[in-house]
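K.L.:
Take this sequence and fold it.
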Amino acid sequence: MYQKKIISCLSLIVFSMNLIAMNEAISYNADIVKRKRILMASNNKPKDKLILITCMDTRINPYALFGISSGEAHILRNAGGIVTEDVIRSILLSMHALGTNQIMIVKETNCGLTGLNDNTFRADLMNKFKTDTVVPQQFYGFSDLKENIKQQMQKIKNHPWIPNDIKIRGFILDIKTGGLNEVKP
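P.N.:
Residues are numbered from 1 along each chain as shown. Reported below is the predicted structural model:
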């Protein structure tokens, strides 16, 4: 009986600790609103007509690294900075409804998807949870960062609803220095 209560209390403590970051973000937002320090842009159309596709890696701060302010660019982030179906959807809406005309793909050195084997990762998850799922169909692991950037640029260029004259550039972000090295298609 006591063991069950202790385990239940420990579970509640761990759950509460996991919510601290979320609660801090909510509290910060409430403080900004209270002080009327609204940091949002006045227009949903990116002033610089730029789409930035990058990884969700917490070491990447696109605002600081690229001098972007709120309202200047659409920033699309996911694991690995991969051009997925949803990223294509966002690009199409950004370009055709909101006027963007240039795309920058930035992927970092030491990306967590480098060397990830999709099949092995899926098998590990299936083993852990004793079930399979339909989504996601792919985790998009890769072995060569430069080649992967070229592949992402090609996915965009090959889409029939993306104009041929769209400016697309790819870069490797050196995670140690913050410097960019351009990858030519």
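K.L.:
Output the lowest mean pLDDT helix or strand found in the protein.
P.N.:
When the helices and strands of the chain are scored by mean pLDDT, DSSP states H and E, helix 2-34 comes last with a mean of 63.
K.L.:
neighbouring contacts of the very next helix or strand once past it?
P.N.:
Where DSSP states H and E defines the elements, the next helix or strand beyond helix 2-34 is strand 50-55. For strand 50-55, contacts defined as CB atoms under 8 Å, 6 or more residues apart in numbering pick out 60, 62, 66, 68, 72-81, 83, 87, 90-91, 94-95, 100, 102-108, 111, 152, 173. From N, CA and C alone the C-beta is placed, and that goes for glycine too.
K.L.:
Run the chain-centre distance for strand 50-55.
P.N.:
Put simply, strand 50-55 sits 8 Å off its chain's centre (CA atoms, centre = their mean, to the nearest Å).
K.L.:
As CSV, could you dump the C-alpha coordinates of that strand?
P.N.:
Provided in CSV are the C-alpha atoms of strand 50-55 (Å, rounded to 0.1, in the frame of the first residue of the first chain):
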residue,chain,number,x,y,z
LEU,A,50,12.5,34.7,-46.9
ILE,A,51,11.7,31.1,-45.9
LEU,A,52,14.3,29.6,-43.6
ILE,A,53,14.2,25.8,-43.2
THR,A,54,16.4,24.5,-40.4
CYS,A,55,16.6,21.9,-37.7
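K.L.:
could you give me the average pLDDT of it?
P.N.:
For strand 50-55, mean pLDDT rounds to 97.
K.L.:
tell me the SS of the residue sitting nearest the centre point of the chain?
P.N.:
Centroid-nearest residue in the chain: R77, 1.8 Å away (criterion: CA atoms, centre = their mean). Following DSSP: H, G, I helix; E, B strand; the rest coil, R77 is assigned to strand.
K.L.:
Which pLDDT value goes with it?
P.N.:
Reported pLDDT at R77 in the predicted model: 98.
K.L.:
What of L116?
P.N.:
94.
K.L.:
Tell me, how many residues neighbour it?
P.N.:
If you count neighbours by other CB atoms under 10 Å, L116 ends up with 16.
K.L.:
Please report how far the residue nearest to it when sequence neighbours are not counted lies from D118.
P.N.:
Distance criterion CB to CB, 6 or more residues apart in numbering; nearest residue to L116, sequence neighbours excluded, is G141 at 3.0 Å. For G141, the distance to D118 equals 5 Å [CB to CB, to the nearest Å].
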